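> Okay, predicted coordinates and the sequence, questions at the end:
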Amino acid sequence: MSTAPVRFELLGRCARTMARRGRLHTPHGVIETPVFMPVGTQATVKTVAPHELQEIGAPIILANTYHLHLRPGDDLVAAAGGLHRFMQWNGAILTDSGGFQVFSLAEMRKISDDGVEFRSHIDGSRHFFSPEAVMAIENRLGADIIMAFDECPPYPADRSYLEQSVRRTLAWAERCQRAHRRPDEQALFGIVQGGVHADLRREAAAALVELDFPGYAIGGLSVGEPKPLMYDTLAATTPHLPVDKPRYLMGVGSPDDLFEGVERGVDMFDCVLPTRIARNGTVLTSRGKLVIRNAAYARDFAPLDSDCSCWVCRTFSRAYIRHLIKAGEVLGIRLTTYHNLWFLTRVMERIRAAIEEGRFPEYKREFFESFGYNDGTMREDG
């Protein structure tokens with residue numbers, strides 16, 4: 001008798017919002033939700049070693065099908081024993097289908113109902129992604145959670161295009177289900193598309209629920225639409241997804257978006273934001289963003305965040321980290337990246353505790369006031 005590789009356990013809900021406290025059981029560990037998932041596009045979270053991710057407390061990371069197919073190749077990863085062995089990561093892994101990356105290529109791809117022909121951004125070579133091809137790649141990569149191949153439309157987009165895109169994504173979802181060869185080992189999540197049209201989102205969600213996926217993602221947001229519109233779209237989508245299945249908001253991870261997503265019933269998030277801004281010399285602190293490159297920190301011997309208990313803040317000063325960044329030393333971006341991931345991981349821990357304690361709205365208000373969101377802008381250099 002087959003057993004589901006991933007199982008979601010709903011532990012509690014916020015009485016005043018749609019926030020949920022849950023637990024996701026996977027072949028590589030239990031994940032407390034809501035959770036933020038660091039992005040390791042090319043089988044690495046940039047500058048951070050696997051043991052450091054464990055120290056930070058990240059139970060699951062992302063890798064990307066498009067990038068790993070092109071380099072080093074999914075056949076090579078499979079020969080190494082799959083992604084977990086290849087990158088020596090013992091936690092859970094989720095692989096994106098590569099749909100977002102393929103559709104971001106614009107002039108370098110051609111789409112049809114069969115799939116997408118595209119040119120590699122590395123060497124210009126031609127490739128073809130169909131639902132069947134993507135499932136074969138993701139099966140070889142061996143992640144715990146794999147995503148269906150979807151069409152990710154831009155913002156803004158014509159209503160007629162979005163309707164066609166929803167139909168195509170749903171058809172591809174069915175084909176992904178049929179082509180999935182490791183359902184007892186890997187959980188395949190469907191992806192709800194539909195732009196910012198609530199009726200298209202409801203239609204897509206209803207059709208995917210009929211297919212009975214073990215989890216559901218909300219894609220096609222945070223692609224340029226105003227944040228209030230993203231939040232409204234989320235609120236119109238999550239009520240139409242099963243209560244007993246995990247909900248994943250793709251590509252979203254700024255602190256305000258994490259709170260707003262949780263408030264609307266989202267369980268899982270990922271984003272490159274904390275690692276990308278870290279490489280540019282910006283860190284997240286309890287009092288807002290801090291641009292450590294700025295001259296104001298040249299003789300500042302305080303930690304990045306006096307309220308943070310991470311190894312970086314317990315060890316190094318702002319002045320030293322600024323020196324490393326300005327000198328182009330790799331250690332500098334390693335330290336800022338470690339801190340940012342630690343910061344968001346602790347925020348999610350506190351969100352989970354606040355839901356359990358029945359005070360999620362209060363914690364959200366406290367965080368926003370401290371971080372500087374409540375005046376409509378995010379405080380910088382606090």
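Nice, thanks for sending it over.

> Excluding chain neighbours, what is closest to the most far-flung residue of the chain relative to its centre?
Of all residues in the chain, residue 299 has its C-alpha farthest from the mean position, at 36.0 Å, by CA atoms, centre = their mean. With CB to CB, 6 or more residues apart in numbering as the criterion, residue 299 has its nearest non-adjacent residue at 5.7 Å, and that residue is residue 319. Where you see a C-beta, it was placed from the backbone N, CA and C, and this is true even at glycine.

> follow-up on the earlier one: next one, pLDDT for the residue farthest from the centre of the chain please.
With respect to pLDDT, residue 299 scores 98.

> Test my guess that it contacts residue 320.
No - judged on CB atoms under 8 Å, residue 299 makes no contact with residue 320 at a distance of 10.9 Å.

> Tally up the residues packed near residue 317, please.
By the criterion of other CB atoms under 10 Å, residue 317 has 16 neighbours.

> right, I mislabeled it, should have said residue 327
Going by other CB under 10 Å, the residues that sit close to residue 327 add up to 9.

> Can you give me the distance of it to residue 281?
To residue 281, residue 327 is 12 Å away according to CB to CB, to the nearest Å.

> So what touches the helix or strand of the chain with the lowest mean pLDDT?
Least confident helix or strand, the chain: helix 99-104 with a mean of 82, by mean pLDDT, DSSP states H and E. Residues outside helix 99-104 that contact it (CB atoms under 8 Å, 6 or more residues apart in numbering): 64, 66-67, 109, 111, 116, 118, 129, 134, 147, 149-154, 191, 219, 250-251.

> Spell out the residue ranges of the strands in the stretch 151-300 of the chain.
Using DSSP state E, counting those that start in this stretch, the strands of the stretch 151-300 of the chain run over 187-192, 216-218, 247-249, 268-270, 282-285, 288-291.

> What strands line up against the first one, and which way round?
Note on strand 187-192: by DSSP bridges, its sheet partners are strand 145-147 (parallel), strand 216-218 (parallel).

> likewise the fifth one?
According to DSSP bridges, strand 282-285 has the following sheet partners: strand 288-291 (antiparallel).

> Dump the very next helix or strand once past the strand it pairs with to CSV, keeping only the CA atoms.
The helix or strand immediately downstream of strand 288-291 is helix 311-315, counting by DSSP states H and E. The C-alpha trace of helix 311-315 is given here as CSV (Å, rounded to 0.1, in the frame of the first residue of the first chain):
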residue,chain,number,x,y,z
TRP,A,311,27.0,34.1,15.6
VAL,A,312,27.7,37.1,13.3
CYS,A,313,26.1,39.6,15.7
ARG,A,314,27.8,38.0,18.7
THR,A,315,31.2,38.1,17.1
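
> Pull the distance from helix 311-315 to the chain's centre.
How far helix 311-315 lies from its chain's middle: 26 Å, per CA atoms, centre = their mean, to the nearest Å.

> For it, name the packing helices and strands.
In terms of contacts (3 or more CB pairs under 8 Å, 6 or more residues apart in numbering; DSSP states H and E), helix 311-315 is packed against helix 330-357.

> can you pull the buried residues of the helix it packs on?
332-348, 351-352, 354-355 (16 or more other CB atoms under 10 Å).

> Check stretch 58-75 too.
58-70, 74.

> What of stretch 214-226?
So for stretch 214-226, counting by 16+ other CB under 10 Å, buried means 214, 215, 216, 217, 218, 219, 220, 221, 222, 223, 225.

> and which of the residues you listed is nearest residue 285?
residue 222 (22.7 Å; CB to CB).

> What distance do you get for residue 328 to residue 279?
11 Å.

> hang on, I meant residue 197
36 Å.

> How about residue 131?
In terms of CB to CB, residue 131 sits 34 Å off from residue 279.

> Could you pull up phi and psi at the nearest residue to residue 4 once chain neighbours are set aside?
Leaving out its chain neighbours, the residue that sits closest to residue 4 by CB to CB, 6+ apart is residue 214, at 5.8 Å. Main-chain dihedrals, residue 214, degrees, to the nearest 10: phi -80, psi -10.

> picking up where we left off before, which one's more surrounded, residue 131 and residue 279?
More crowded of residue 131 and residue 279, by other CB under 10 Å: residue 131, with 25 against 17.

> That one reaches residue 147, doesn't it?
No - the criterion here is CB under 8 Å, and residue 131 misses it with residue 147 at 11.2 Å.

> Excluding covalently adjacent residues, which one is nearest to residue 200?
Residue 200's closest residue in space is residue 194 (CB to CB, 6+ apart), at 3.3 Å.
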